[in-house]
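Novice: Mind looking at a prediction? Sequence and model below.
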Amino acid sequence: MIDKTFVERTQRVRLPNGVTLLVYENPANPTVHVSGALRAGSFLDPQNQPGLAQITASMLMRGTRRRTKVEIARDLEDVGAELNISGNRFLVRASGQALSKDAPRLLANLVEVLREPAFPEDELTRLKQQVVGQLRRQQEQTQVRALERFLQLTYDRTHPFYQVPIEERIASVEALTVDDVAAFYAQHYGAATLIVIVVGDIQSAAIEGIVTELLGDWTPGQPAEIAVGRTEPRREPRREIITMRDKPNVDIVLGHPGQLRRTDPDYYAAYIANAALGHSTLSSRLGLRVRDEEGLTYGIVSRFLDPGLVDGPWLVSLTVNPENVDRAIDSTVNIITSYVEEGITERELEDEKSSFVGSFIVSLGTNAGIAGHLLSVEVYGLGIEHLDVLPELVKSVTRDEVNAAIAKYIHPEQLLTVIAGEYPPE
Amino acid sequence: MTDRELVEGREVAEGIVFTDQEGGIEEYRLSNGMKLLLVQQRTPRVVALMVLYHVGSRNEAVGHTGATHLLEHMMFKGTPTFNRERGTQIAAILKRIGAHFNATTWYDRTNYFEAVPAEQLELVIHLEADRMRNSWIRDEDRESERIVVRNELERGENDPLRVLDQHAWAIAFREHPYHHPTIGWRSDVENVPTARLREFYHTFYWPNNATTIIVGDFDRQHTLGLVARYFGQIPRSPHPIPEVYTKEPPQQGERRFHLRRAGEVGIVQLCYHTPEARHPDIYPLALLSRLLTEGVTTRLYQRLVDAGLAISVQAHVTEFRDPGLLEITAVLRPGVEHQRVEEEIIDELENIKAKGVRQDELVRAQRKVEADVYFARDGALNYAFALGESESSADWRWFLEYVPRIQRVTPDEIRRVANQYLLRDNLTVGWFVPLPASGPESHQLAEGENR
C-alpha cells in the first residue's frame, strides 16, 4: 500500500459536460468523505450586491424542486450523514461525510441540491435574518475587524480580496430577492467547473457509475473566468486603530499585497520562505522570539492568505495585551527586517523541508486530508502526479531560491498595520 | 508475538503485562503503574502518541487556579536532553519531523500528543517519557510564559459566549472545582509562584497517574520494547496521587445572572446539573441534548432558528469524571428579547417532560451518535483523542460501550431523565446583554512611520 502512487490509487474521470470526478479507495475506516467545488464564489458578486454568491450557495440546502429543507436534512440525519455547502472567495465548497454504505445517499443529496434548488421565498427570508445576525456577531470579534479593515485598505473595490464594509454588506443581503439568487444560479452554476472528490472505504467503479448517472446530463453552463492582474506592492507604511470596548485582547494584522499564486513556479520556495519566518507559533522565527523568549503573545503567525488562482495578501497576525502592542509590533518588524536582510539559514531550510515532508505524510492519515490534497491539485490544474512528486519537489528547493522568494514576497518597509481591541489602553 | 499469544497477565516486554483487550483496543500495564493502550490501524505510515495525565483544573483551588494549564505550557520549555541550548528544543524537534503536535488542558486531564510519520515513533516516545519527570520549571521561563498565558486568557475574555459560559459554571458550581475555568482566574495566573507549579508537577506527573495511547501503523512487539525502554525506567510516585473529594451539594433553587458588556448580539444560556460520565443517565441525557439542537430537524432549531428568534442554538451535556451540566445556549437574533427565547426553551423542555419524544427523532439522534463514533476513528490522532477523553472521564471501555448503551435508550427513559434533571431548582440561567460600544469607533490614521 505504501508503494502505490496517487496516480495509481486515484480514479480520475472527466465527463463530457466537464464534471471531474476523483475517487480514492481508503479502506482504513468504514466511512466516506465527499468534497465538491464549483467556481461560483464571491468574486462573481455584482458590485452592488455583495453577499449574493454566499447567499446563493447557502440556499442550495434549503429546498429543491422535489423536497423541502427539512426533508433533505431528515434523509441525511436518518443515517447520521453530514453535508455542508458554503461559498468562499472563489469557490462554492461542499463537504460531507457518512458511513461508507451511505455514500450513494450522500452523493444523491449533494447532486439534487446542486442541480435542482428551488430557492423558496420563506427560506431566503430566514437565511437573510441568520446571515445578518452572524455578520453582527462577527463584528464583536477583534480578529475579524482587524482583517476586514486590512483588506479594505489593501485592495481596490473590484478586487476579489477586497472586503465590503459591514453596513453595506448587511444592506445588500437584506435587499436580495429570490429573483436575484435564481439569476445568479442560472448564470454561474453548471457542470463545467464542478469537481467531486470521494475518499473512503468505497469501490471506485460503483462511485463512478453513480456520479455519471447523477451528473452526466447536467448542462455545462458558462464557466466564469478569473482575470485579475497581480496586485502591485504599495506605497508607504501606515497604521490604523479600531478601538473596541471590553476587548482585553488586541488583534494586530501587519502585511501587504502578497503577489503569490498557487501555480507559480516558485510557490514552494515562497512557502518555505514564509514558513521559517512564521508558519508556526511554537517553532518559527516570529514565535520563537515574540512568544517563547519575550512572552508578548499567545499566538503569532505569518502566511500568504489563500494564495490560489489570484494572489492575496501576505500578512502577520498576532494577539497581545493592550500594554504590549508597541513592543510586540517593534519586535515583529525587527525580526522580519533582519530575516529579509540575512535570509534563511541552512538549518531553517532543512528543518522546513523535512517538516513539510513529514507533515504531508501525516495529513494523508484521514479521508478529509487526502480529499483536501486531491481537490487542491485539481482546482489548480496541477495534475494528480503532482502529489507523487511533491516531497521531492520540496526537497529540491535551494537556499538561493528561498532567499530570492524572501526578497520578492516579503517587504517590511511596506507594512500596513491594523490594531483592533481595547487600544490605546485607558 | 501473535494475537493468540496475548494472554491476560502475561509479561509481553520487560515490565509490561498484557491486561485486557476488546474491539481492537489492547490494554497493558507497566510495573510502574502506567496504563498503555495500543490500537493498530490500517492507516498507512502514520502513528499517533498521546500521554494523558489524570490532572486538570479539577485538581486546583483558589490561589493556583490555572496552574495545571500554566504547567502544560512550561512542559515545552525543555529538559536536560531536549532544550534550546543543545538545538533540541521540543517544538523544533517536533517541527523537524513534521509532527502534528500540541498539548491541551481540561477539567479532568492534561494531554500531550503527536501524530508523526511511523518511523518517528521512537523519538516521540523518548521525548514524552523524558518530560514526564525531567522538565525544567524555571523562574525565567515562567516569567515570559505567564504573559503568554495571560494573553490566552484575554483572548477568551474577548468572546461573550466564553465569558458567559465561565460565569454560568462559576454560579452553578459553588463548591466543586468545576467552579473555576481551566484557564484560571486572572490574578492567579499572574501571581502563582513557580514553586507551586513545580509542586504540581511533582505531585501529578508520574507513570501511575498517566495513560499512554498509541494508535496507527506500528509493529506491536517493537513498540512494546520502546515503551519498556523509555517509560519503563521511570519509578512509580513515592506518594499516593491525591484524590479530589469535594462534592457539589444539590442545588436548591434557580440561580440567575446578567452579564452586561459591549457587544452586538444577546445570548441566553440555561444550565442544569447532570451526573458524571459513568452514570447510566448520561446516555438518555446525551440523546436528549442531541435531539434538541443537532441538525435542522431538531426541536429547538425549528422553534428558535427557523422561527427567526435565534441565529444559533446548541445543547450539550458534559461527560466528565464528576457531575457536570447540560447546557443550552441560544445566540439571539438582533432585536429579539431574552425573555422570549428563555420561555420558548423552557416550554419545549416542559413539552418533552409532559409528552416525551417520538421514536423517529430518537432513532435519528442514535444514528448520529453511531456515525460520529466512526468519524472519530478516521485518523490515528482523532482516535487517540476519543480514547483519551474516555480514559479521562471513565476508562477506554466506556468508549466501546457508548454506542450499545446509546442504542438501548428508549423514549420513556428520555422522558424520565427530562423530568428528573430539567427542574427549576436545578437551573442556572445566564443572559448576555450587549451594550452598545461607546461612541463611534476611532479610525486613527498615521501616515508615514510604522514602528
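Specialist: Here it is on my side, so go on.
Novice: can you tell me the residue of chain B closest to chain A?
Specialist: In chain B, the residue that lies nearest chain A is B:Gly98 (1.9 Å; Cβ to the nearest Cβ). The C-beta positions use only the backbone N, C-alpha and C, and glycine is treated the same way.
Novice: Apart from its chain neighbours, what residue comes closest to that residue?
Specialist: Spatial nearest neighbour of B:Gly98, excluding adjacent residues (Cβ to Cβ, 6 or more residues apart in numbering or on different chains): A:Gly358 at 1.9 Å.
Novice: ok, the residue in chain A positioned nearest to chain B - contacts?
Specialist: As assessed by Cβ to the nearest Cβ, chain B sits closest to A:Gly358 within chain A, at 1.9 Å. For A:Gly358, the contacting residues are B:96-99, B:116-117, B:120, by Cβ atoms under 8 Å, 6 or more residues apart in numbering or on different chains.
Novice: 7 Å instead?
Specialist: By Cβ atoms under 7 Å, 6 or more residues apart in numbering or on different chains, the contact list for A:Gly358 reads B:97-99, B:116-117.
Novice: do the same with B:Val403
Specialist: Neighbouring residues of B:Val403 by Cβ under 7 Å, 6+ apart: B:369-370, B:373.
Novice: Same question for A:Asn324.
Specialist: A:Asn324 sits next to A:Leu296 when contact means Cβ under 7 Å, 6+ apart.
Novice: Would you mind measuring from it to A:Asn334?
Specialist: Counting by Cβ to Cβ, to the nearest Å, the gap from A:Asn324 to A:Asn334 is 15 Å.
Novice: List the contacts of whichever strand or helix holds A:Leu277.
Specialist: Assigned by DSSP states H and E, A:Leu277 belongs to helix A:267-278. Identification of contacts with helix A:267-278 by Cβ under 7 Å, 6+ apart yields A:260, A:284-286, A:300-304, A:316, A:336, A:339, A:344, A:348-349, A:352-353, A:393-394, A:397, A:401-402, A:404-406, A:409-410.
Novice: Those residues of the stretch 151-300 of chain B touching chain A, which are they?
Specialist: Selection of the stretch 151-300 of chain B residues close to chain A by Cβ under 7 Å from any Cβ of the partner chain yields B:151-152, B:154-155, B:157-158, B:160, B:261-265, B:295-297.
Novice: before we move on, the earlier item: how distant is the helix holding A:Leu277 from the center of its chain?
Specialist: Here helix A:267-278 shows a centroid-to-chain-centroid distance of 18 Å under the convention Cα atoms, centre = their mean, to the nearest Å.
Novice: That one - what's its average pLDDT?
Specialist: For helix A:267-278, the mean per-residue pLDDT is 98.
Novice: Buried by neighbour count: which residues of it qualify?
Specialist: Using 16 or more other Cβ atoms under 10 Å in any protein chain shown as the test for burial, helix A:267-278 gives A:267-278.
Novice: Following the chain past it, name the next helix or strand.
Specialist: Using DSSP H and E, the helix or strand that follows helix A:267-278 towards the C-terminus is helix A:285-286.
Novice: how about that following helix, does it reach chain B?
Specialist: No: residues of helix A:285-286 are not located near chain B by Cβ under 7 Å from any Cβ, the shortest gap being 11.3 Å.
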